[in-house]
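Undergrad: When you get a sec, could you give me coordinates for this:
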Amino acid sequence: MPILIPIDDPDDPRIAAYRDVRERDLVGRDGHFIAEGAVVVRSLVMASGHRARSLLLADKRVTALEPLLAKLPADTPVYAAGQAVLDRIVGFPLHRGILALGERAPQPSAADLLAAMPARARVVMLFGIGNHDNLGGIYRNAAAFGADGVILDSGCCDPLYRKAIRVSVGATLLVPTARLTAGEDPLALLDALGFEGVALSPSGAETLARMVPPPRAALLFGSEGPGLPPALLARARSVRIPMAGDFDSLNVATTSGIVLHHCAADQDAPR
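TA: Okay, the predicted model is just below:
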């Protein structure tokens with residue numbers, strides 16, 4: 001198990017990466033990210049690609065976390081500080097008392113991610129999701145219902161932003177992810193690799209309840225308000241979830257959960 005390194009000075013240079021966390025969230029961390037809370041840090045330790053470079057803990061949490069610490073490489077620095085020192089380091093009261101500095105894994109291309117998927121697969125493809133709560137919620141649903149991956153366009157926010165990781169309860173660290181390159185045609189890419197795009201829209205041509213998911217399904221979701229790009233929606237199979245009365249739409253994270261559950265139930269049904 002790694003040796004604990006006590007920290008008594010908030011200005012100790014060894015914990016510089018953890019200082020003023022919220023401000024650093026805004027400017028980025030050059031290939032690194034912050035994971036917060038026991039569940040999320042456990043996901044980081046379990047992740048096959050991303051790597052925990054160090055941990056910073058409230059000293060009162062160390063004993064309870066020993067089983068998790070035992071899973072770390074012995075040379076991983078684990079810093080421990082009293083609550084008052086910890087709060088001064090991060091710049092706000094850190095009630096969870098658990099942070100980790102993660103190193104991003106190399107990200108595959110969208111084509112490589114799709115090509116590696118099995119004959120029956122579900123991938124979530126997102127366009128313009130700029131809200132970290134929504135992005136984290138979608139990843140949480142993707143993990144819960146067994147999606148094989150998530151593909152983001154250039155307008156989506158960072159799934160390894162601290163809030164997105166926290167909302168996803170660590171799913172952004174575990175679900176395979178790729179990002180479309182600028183100018184890449186998502187539907188042409190899907191077609192070339194044997195996937196059918198299913199675009200979710202309040203104006204979809206068929207209802208979700210009647211949709212039989214294709215064996216290799218790419219589920220397309222757009223941002224709150226604008227939705228999917230019209231040019232993309234015009235070319236894809238489109239599906240809607242009927243609403244009561246005059247209500248016209250659901251939150252995109254909620255929509256993803258309903259659609260992913262429908263597709264998972266279909267794949268598990270007897271043939």
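
Undergrad: hey, which helix or strand in this structure has the poorest pLDDT?
TA: Scoring the helices and strands of the chain by mean pLDDT, DSSP states H and E places helix 21-27 at the bottom, with a mean of 86.

Undergrad: What residues are bridge-paired with the residue nearest to G194 when sequence neighbours are not counted?
TA: Distances taken as C-beta to C-beta, 6 or more residues apart in numbering place R216 nearest to G194, at 5.2 Å, with adjacent residues excluded. C-beta here means a position set from N, CA and C on the backbone, and glycine is covered the same way. R216 forms beta bridges with A121, as assigned by DSSP bridges.

Undergrad: And the strands in the stretch 151-271 of the chain, which stretches?
TA: Taking DSSP state E, counting those that start in this stretch, the strands of the stretch 151-271 of the chain run over residues 177-179, 196-200, 206-207, 216-222, 237-240.

Undergrad: pLDDT on the first one, on average?
TA: Same thing as strand 177-179. Averaging pLDDT along strand 177-179 gives 98.

Undergrad: And the last one, by the same measure?
TA: Strand 237-240 comes out with an average pLDDT of 95.

Undergrad: Now it: buried residues?
TA: Buried residues in strand 237-240, defined by neighbour count with 16 or more other C-beta atoms under 10 Å: S238, V239, R240.

Undergrad: Wait, the second one touches P202, no?
TA: Spelled out, it's V239. No. Using C-beta atoms under 8 Å, V239 makes no contact with P202, being 10.3 Å away.

Undergrad: Report the separation between the residue nearest to the spatial centre of the chain and V123.
TA: Central residue of the chain (C-alpha atoms, centre = their mean): T172, 2.4 Å from the mean position. T172 sits at a distance of 15 Å from V123 (criterion: C-beta to C-beta, to the nearest Å).

Undergrad: swap in I5?
TA: 41 Å.

Undergrad: which of the two has more neighbours?
TA: Using other C-beta atoms under 10 Å as the criterion, I5 and V123 rank with V123 on top: 25 against 16.

Undergrad: Quick check: phi and psi on the more buried one?
TA: The phi/psi pair for V123 (degrees, to the nearest 10) reads phi -120, psi 140.

Undergrad: in this protein, what spans have low per-residue confidence?
TA: Along the chain, the model assigns pLDDT under 70 to residues 266-271.

Undergrad: Could you rerun that using 90?
TA: The chain contains residues with pLDDT under 90 at 1, 23-30, 48, 95-96, 182-183, 203, 224-226, 243-250, 265-271.

Undergrad: Where do the helices of the stretch 151-271 of the chain begin and end?
TA: In the stretch 151-271 of the chain, the segments counted as helices under DSSP state H, counting those that start in this stretch are 162-167, 171-174, 186-192, 230-235, 252-268.

Undergrad: ranking those helices by burial, who's on top?
TA: Neighbour counts (mean count of other C-beta atoms under 10 Å) averaged over each of the helices of the stretch 151-271 of the chain peak at helix 171-174, with a mean of 26.
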